[in-house]
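In: Fold the following, please.
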Amino acid sequence: MTKCNKSGSISPEAGIGVRSCSTSVDNENDRQIVSNAMEEARASEIRSLCNHWKMFVVIIIPISAIIMHSGISLSRASKIRHSASIAIVNIDYNLKISELIQHLQRERGMSTSFIGTSNFSAAILAQLHIRRQETNTSLSNVKWPYIGIFVRNSYWTVDDLLSSLADHRRRVENRSINIIYNLDYYTTITHALLKYIVQSVTPSDNAAVQQMVVACEALLSLTDDKGIQRALGTTFFTSCGWQSTEIETYYMTLHGRSSAFLDTAINHHGNIETQLTEKMQNSAYLSNFVDKYYSFQLFKDYENICTTMSQSERETKSIEWFSNMTIFIDIFFEIRESVNTDIQSSSEVIQSVAQFEFSLFLSTLIAVVTSSAILFTSYVYSVAKMTGNLLKFAEKIMLKTEELAKEKNKTDNLLYQMLPKQIVINLKTGKSSIAEFFNEVTIYFSDIVGFTKLGAESNSIEIVNLLNDLYSLFDECIDKYDVYKVETIGDSYMVASGVPTPNGGNHAQEIALMALRIRQEVNGYAIPHMPGRTLQIRIGLHSGPCVAGVVGTKMPRYCLFGDTVNTASRMQSFGMGGRIHISSVTQEILSHHGNFITEFRGLIDVKGKGQMATYWLEKLELGKHI
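Out: All right, here's what the predicted structure looks like:
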């Protein structure tokens, strides 16, 4: 009975097995047969289980290998993706710090110029205040590290830097420090920032990216050295030479070192030389300046004439040097930003590849666990849908871009009619438009004779229509000559030649030809709302120097200033209807052309000017055409 219970325990129906055994197995042979059958069933069950394990092992080994390989690859792709992401963030962050370095370098140069002048200079101080404000603005845009940046054996926070700058700026304005101390102060800060940028850049395993990182570091060092050269050069022009042999030697050392940094940058990124060449070719003036700068001809020429120059002229020359060097240094900052963009693009490609690998290996893991067919179908569907959406989106973007380009062209054309083209470009790019001095220009003024009485006899709409029709006629005339319409105020019409683009000695001739044409067109002009009545205009011309620049920010206007403008206005107001009243200066210039007939009016008492000899411009010599 013990064996029967044991045999019955392996049966699905133990109770039946026990009963069967108790009734049918009565002897030892039967019990042996049952025992053998049970052993055979157990052995068969073990063999079947072993066969299943063999198939399981055959499947699990490649699956495990795929999972292991995918896991390692997934981890590697994740690390690369994370590293590339950090690099992209650091590049954006470092660009802000680079901008701060750029403004600190400019402030360093202008501070050195202010300290280096023998007398107090309000003009240089005004420029210095602008540079300081730019530095403060740039500093406010920087996301400062939590622990600060290591400067002078301690970690400085933003407040520490602002406090230190405020103290140093007071000492600069008091002129209680020398040039070397000033240069050392700013250079210490910029070097600390440069070191932080270099340390924060994590070089990629990609060799090309590493080459670009080295080029960026070389460009950073290059701009700092040239910034110090810019600062030292300002003192050269204000002081009429190097203040000491030590400063001159330091300048030469910086010159050689910056050239070495440039060679390093070019050797590590071939596109830098191409960009530099293109940017220099775009500005013939800057290219000429750089050629003289590298050959030291600029300093040699200045030493020959500086002793004859006033302090104000030296300061102007110093500011001009500072501006030209700033443009030159900014080119390297632009190139570095371009290289940073290349690094960022490469990092984004690396990140994109890593992201793709991450997704691929993750998909592989999912595919091993789930169904590759479903995953493949889903992937194809997603890609097709995404591609379709991208195509639709690209079409919309293309249409919107075309519309935007058309509207931009309309806006640009309108702006170019209101302000000189270069001034508009400067304002759009955020550059300040500095007033310019022009040695020789000719200015035209005209107004309508009896306009006050005419206005009293007409309503506002009639006056507006009259002026619109008349000035449209003037505008058509001036398009034929090298002149620039400055403004119209009421019945006053102002035109200048030789500004904003100098045209040599042709300014007086161009204005004279234009004035004769306008007088010819207006002669006999009938007033539309007063049949039978004609109008006359008074025209005044004068030549001389002036200053021109953009005034205002809400509605900026290009204005001319100087005694030449006032004198030209006097020529118009003291003139006569239907005649062109010119000064002796303009008459002298026109006489060299030999084509203009003038009549001496005599000496007249001009308000604010005293006795002046003036002339009437009568006509162009026969055989010539207006």
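In: which residues in the stretch 401-550 of the chain form helices?
Out: Under the criterion DSSP state H, counting those that start in this stretch, the stretch 401-550 of the chain contains helices at 421-428, 451-456, 460-478, 507-522.
In: Contacts for the third one, please.
Out: So the one you mean is helix 460-478. 448, 454-455, 458, 485, 488, 490-491, 493, 495, 514, 517-518, 521-522, 525, 527-529, 535 (C-beta atoms under 8 Å, 6 or more residues apart in numbering). C-beta coordinates here come from the backbone N, C-alpha and C atoms, glycine included.
In: Mind giving me the ChimeraX select for the residues you listed, buried ones only?
Out: Restricted to buried positions by 16 or more other C-beta atoms under 10 Å, the ChimeraX selection for the contacts of helix 460-478 reads:
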select :448,454,455,458,485,488,491,493,495,514,517,518,522,525,527,535
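In: Low-confidence ranges, the stretch 101-250 of the chain, go.
Out: 118, 201-206 (pLDDT under 70).
In: in it, which spans are helices?
Out: Under DSSP H, counting those that start in this stretch, the stretch 101-250 of the chain gives helices at 122-140, 158-173, 179-200, 207-239, 245-268.
In: what's the offset of stretch 523-533 from the middle of its chain?
Out: 53 Å (C-alpha atoms, centre = their mean, to the nearest Å).
In: and that stretch, average pLDDT?
Out: Mean pLDDT, computed over stretch 523-533, is 84.
In: Use 51 as the first number from now on
Out: In the new count, where the first residue is 51, that last one comes out as stretch 573-583.
In: contacts for it?
Out: Leu504, Glu507, Ser508, Glu512, Asn515, Leu516, Asp519, Leu520, Leu523, Thr584, Leu585, Gly628.
In: Tabulate the residues you listed (a markdown table), appending distance to Gln661.
Out: Shown next, in a markdown table, are those (distance: C-beta to C-beta, whole Å):
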| residue | distance to Gln661 |
| --- | --- |
| Leu504 | 33 |
| Glu507 | 37 |
| Ser508 | 38 |
| Glu512 | 41 |
| Asn515 | 42 |
| Leu516 | 37 |
| Asp519 | 39 |
| Leu520 | 34 |
| Leu523 | 36 |
| Thr584 | 34 |
| Leu585 | 31 |
| Gly628 | 25 |
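In: Grab the most central residue of this protein for me.
Out: Nearest to the centroid of the C-alpha atoms of the chain, with distances taken as C-alpha atoms, centre = their mean, sits Thr479, at 6.7 Å.
In: Tally up the residues packed near the closest residue to Thr285 other than its chain neighbours, please.
Out: Once flanking residues are discounted, Thr285 sits nearest to Gly166: 3.1 Å by C-beta to C-beta, 6 or more residues apart in numbering. Residues near Gly166, counting by other C-beta atoms under 10 Å, number 24.
In: ok, Gly166 to Lys276 distance?
Out: 18 Å (C-beta to C-beta, to the nearest Å).
In: Which residue lies closest in space to Ser128, excluding its sequence neighbours?
Out: Ser128's closest residue in space is Phe408 (C-beta to C-beta, 6+ apart), at 5.8 Å.
In: Which elements pack onto the helix or strand that contains that neighbour?
Out: Using DSSP states H and E, Phe408 maps to helix 361-419. Where contact means 3 or more C-beta pairs under 8 Å, 6 or more residues apart in numbering; DSSP states H and E, helix 361-419 is packed against helix 78-166, helix 172-190, helix 257-289, helix 321-331, helix 334-345, helix 422-468.
In: for the fourth one, which positions count as buried?
Out: With burial defined by 16+ other C-beta under 10 Å, the residues of helix 321-331 counted as buried are Ile322, Gln325, Leu326, Lys329, Met330.
In: Closest one to Val340 out of the residues you listed, please.
Out: Within those, the smallest distance to Val340 is 6.4 Å, found for Met330 (C-beta to C-beta).
In: ok, how many other residues are close to the nearest residue to that closest one once chain neighbours are set aside?
Out: What sits nearest to Met330 in space, not counting adjacent residues and going by C-beta to C-beta, 6+ apart, is Ser337, at 4.7 Å. Residues lying near Ser337 (other C-beta under 10 Å) number 14.
In: Tyr343 versus Ser337, what's the distance?
Out: 10 Å.
In: likewise Met118?
Out: Taken as C-beta to C-beta, the span from Met118 to Tyr343 is 62 Å.
In: between those two, which one's more packed in?
Out: When neighbours are counted by other C-beta under 10 Å, Met118 and Tyr343 differ, and Tyr343 comes out ahead with 20 against 10.
In: between the strand ranked longest in the chain and helix 471-478, how many degrees?
Out: In the chain, assigned by DSSP state E, the strand with the most residues is strand 587-601. Counting by axes from the mean of the first three to the mean of the last three C-alpha atoms, to 10 degrees, strand 587-601 lies at 30 degrees to helix 471-478.
In: quick check: mean pLDDT across strand 587-601?
Out: The model assigns strand 587-601 a mean pLDDT of 92.
In: what sits up against the following helix or strand past that strand?
Out: Once strand 587-601 ends, the next helix or strand along the chain (criterion: DSSP H and E) is strand 607-611. Residues outside strand 607-611 that contact it (C-beta under 8 Å, 6+ apart): 469-470, 473, 491, 493, 536-537, 544, 546, 549-550, 596-601.
In: Out of the residues you listed, which end up buried?
Out: By 16+ other C-beta under 10 Å, the contacts of strand 607-611 give 469-470, 473, 491, 493, 536, 544, 546, 549-550, 596, 598-600 as buried.
In: How is Ile632 assigned, secondary-structure-wise?
Out: strand (DSSP: H, G, I helix; E, B strand; the rest coil).
In: Now do the contacts for it.
Out: Ala562, Gly590, Leu591, His592, Met621, Leu640, Thr648, Thr664, Tyr665, Trp666, Leu667.
In: switch to 6 Å and redo it
Out: Leu591, Tyr665, Leu667 (C-beta atoms under 6 Å, 6 or more residues apart in numbering).
In: OK, contacts around the residue nearest to Arg156 when sequence neighbours are not counted?
Out: Once flanking residues are discounted, Arg156 sits nearest to Arg181: 4.9 Å by C-beta to C-beta, 6+ apart. Neighbouring residues of Arg181 by C-beta under 6 Å, 6+ apart: Arg156, Glu157, Met160.
In: Could you export stretch 599-612 as PDB, CA atoms only?
Out: The C-alpha coordinates for stretch 599-612 follow below in PDB (Å, rounded to 0.1, in the frame of the first residue of the first chain):
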ATOM      1  CA  GLY A 599      25.000 112.400 -39.000                       C
ATOM      2  CA  VAL A 600      21.800 110.800 -37.800                       C
ATOM      3  CA  VAL A 601      19.900 112.600 -35.200                       C
ATOM      4  CA  GLY A 602      17.100 111.000 -33.100                       C
ATOM      5  CA  THR A 603      16.100 107.500 -32.400                       C
ATOM      6  CA  LYS A 604      12.300 107.400 -32.700                       C
ATOM      7  CA  MET A 605      12.300 109.000 -36.200                       C
ATOM      8  CA  PRO A 606      16.000 109.300 -37.100                       C
ATOM      9  CA  ARG A 607      16.900 112.000 -39.600                       C
ATOM     10  CA  TYR A 608      20.200 112.500 -41.500                       C
ATOM     11  CA  CYS A 609      21.100 116.200 -40.800                       C
ATOM     12  CA  LEU A 610      23.800 118.600 -41.800                       C
ATOM     13  CA  PHE A 611      25.400 121.000 -39.300                       C
ATOM     14  CA  GLY A 612      27.900 123.800 -39.600                       C
END
